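**Q** Based on what follows, work out the 3D shape:
(one chain, ligands or ions: 1)
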Amino acid sequence: MDIIGIGYMGFETTKLDEWRDYGPNVMGFGIGRSPESDPDSLYFKIDDRRHRFAFHPGKVDRLAYIGWEAIGRMAFEDALKKFTTAGVEFTRGDAELCEKRGVRELIRFRDPVGYQHELFYAQKWTPRSFMPGRCHGGFVANERGAGHVVVITPEYGPELENFLINVMGFSWYGAGAGKGRTGFFRSKLNHHTSHDIAYGFGPGRMGVQHVGIVVSSIRDVGETYDIVRKRELPMMMTLGQHTQDPHVSFYHFTPSGFAIETIAEIEPWQGDPFELNPEVLSVWGHEMVGPILGPSVKTPEEVLDPEYLASKR
Ligand SMILES: [Fe+2]
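**A** Predicted structure coming up:
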């Protein structure tokens, strides 16, 4: 599947008012226009797309959907054929949903774990429409997409890898340096970073562990770090440099209990010269100063839709 990467992500939250302050004033996100059919949700811009992150009012803080971007209409149509052949159930987004997401067309489907995904093409875009919420040098998004996500899966079986590799067409990147079982995957057309999504095996656990967002410069990492420290927001990992990507980053917890990794690329990604099997997660820094799994990681019963859970039983 000709997927570029994650085009957008949606979350449900009990902390909308906190996000309204945190998004622009800590992360530097721009506040996007909420669609008329969804006035109560909060939409954030990090580039010239209509939005990249949506926060919808909900009863629990959880990841609501991951929106994968097909490079265009033909790729989208090819993907639909592939889903049909593979027997993956999907539903088409109606006009109202497409308008909410600001896209031409979309479908909705679930992975074998139960996470909700969407595939779309042609999200609305206005050149030079991004205004950061505070003084900020901007984000590396546009054709690179919104960033990456790491989710926890209560079961890590062959059907998950089969779905990601053989249906979604992702490349297997590796297992990372962590002690647990984690799989890192990237979209076929992502030639800039090691992964768009990773699934970490956490028996009995489910939820979003962190979201990685790439900023334009190391100064933006440093200034975000200063604001996080000044506000005494909970930290997960201090500043450091990863082994598998030439990234300097730090991790802190958002109002929803998942972490954001604020990232600056310090040199171009090395690609896949061989399957990387790093000795350590980081070459310097990244001291763990908080839990690796924040309060956003719960039980499947807490983060899955009741109707979906009922259909699986
Ligand atoms: Fe990350």
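
**Q** all contacts plus neighbour counts: C-alpha atoms, from now on.
**A** Noted.

**Q** Work out for me the element the most centrally placed residue in the chain sits within.
**A** Nearest to the mean C-alpha position of the chain, by C-alpha atoms, centre = their mean, lies Val149 at 3.5 Å. Val149 is part of strand 148-153 when elements are defined by DSSP states H and E.

**Q** what does Gly222 give?
**A** Assigned by DSSP H and E, Gly222 falls in helix 218-230.

**Q** which helices and strands does the next helix or strand after that helix pack with?
**A** Sequence-wise, the next helix or strand downstream of helix 218-230 (DSSP H and E) is strand 235-242. Counting contacts by 3 or more C-alpha pairs under 8 Å, 6 or more residues apart in numbering; DSSP states H and E, strand 235-242 packs against strand 247-253, strand 282-285.

**Q** List the contacts of the first one.
**A** Applying C-alpha atoms under 8 Å, 6 or more residues apart in numbering, the contact partners of strand 247-253 are 218, 221, 225, 228, 233-242, 259-267, 286, 294.

**Q** what's the span of stretch 34-49 from first residue to last?
**A** In stretch 34-49, first residue to last residue: 13 Å (C-alpha to C-alpha, to the nearest Å).

**Q** So for it, mean pLDDT?
**A** Average pLDDT, stretch 34-49: 96.

**Q** Mind listing what's buried along that stretch?
**A** Buried positions in stretch 34-49, judged by neighbour count with 16 or more other C-alpha atoms under 10 Å: 34-35, 41-49.

**Q** Glu77: how many residues sit nearby?
**A** Residues lying near Glu77 (other C-alpha atoms under 10 Å) number 13.

**Q** buried sites along the helix or strand that contains it?
**A** Glu77 belongs to helix 73-86 when elements are defined using DSSP H and E. Using 16+ other C-alpha under 10 Å as the test for burial, helix 73-86 gives 75-76, 79-80, 82.

**Q** contact partners of it?
**A** Contacts for helix 73-86 (C-alpha under 8 Å, 6+ apart): 1-3, 70, 89-90, 119-122, 167.

**Q** Make a ChimeraX selection of the buried ones in these.
**A** In ChimeraX, this line selects whichever of the contacts of helix 73-86 come out buried by 16+ other C-alpha under 10 Å:
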select :1,2,3,70,90,119,120,121,122,167
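
**Q** so which of the contacts of helix 73-86 comes closest to Leu281?
**A** Ile3 (27.2 Å; C-alpha to C-alpha).

**Q** dump the residue contacts of that closest one.
**A** Neighbour list for Ile3: 68-71, 75, 187-190 [criterion: C-alpha under 8 Å, 6+ apart].

**Q** now Met27
**A** Taking C-alpha under 8 Å, 6+ apart as the test, what Met27 contacts is 133, 224.

**Q** Just send the buried residues of helix 73-86 back as JSON lines, with distance to Glu161 and pLDDT too.
**A** Listed next are those as JSON lines, based on distance: C-alpha to C-alpha, whole Å; pLDDT from 0 to 100:
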{"residue": "Ala75", "distance to Glu161": "22", "pLDDT": "98"}
{"residue": "Phe76", "distance to Glu161": "21", "pLDDT": "98"}
{"residue": "Ala79", "distance to Glu161": "18", "pLDDT": "98"}
{"residue": "Leu80", "distance to Glu161": "19", "pLDDT": "98"}
{"residue": "Lys82", "distance to Glu161": "16", "pLDDT": "97"}
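
**Q** still on that earlier bit, what lines up beside the strand holding Val149 in the sheet?
**A** strand 197-201 (parallel), strand 207-214 (antiparallel) (DSSP bridges).

**Q** Determine which of those approaches Arg101 most closely.
**A** Here strand 207-214 is closest among the strands paired with strand 148-153 (C-alpha to C-alpha), at 19.3 Å.

**Q** I'd like to check the angle between the closest one and strand 235-242, please.
**A** 50 degrees (axes from the mean of the first three to the mean of the last three C-alpha atoms, to 10 degrees).

**Q** what kind of secondary structure is the closest residue to His191 other than its chain neighbours in?
**A** Closest residue to His191 apart from its sequence neighbours, by C-alpha to C-alpha, 6 or more residues apart in numbering: Gly271 at 7.3 Å. Assigned with DSSP: H, G, I helix; E, B strand; the rest coil, Gly271 falls in the coil class.
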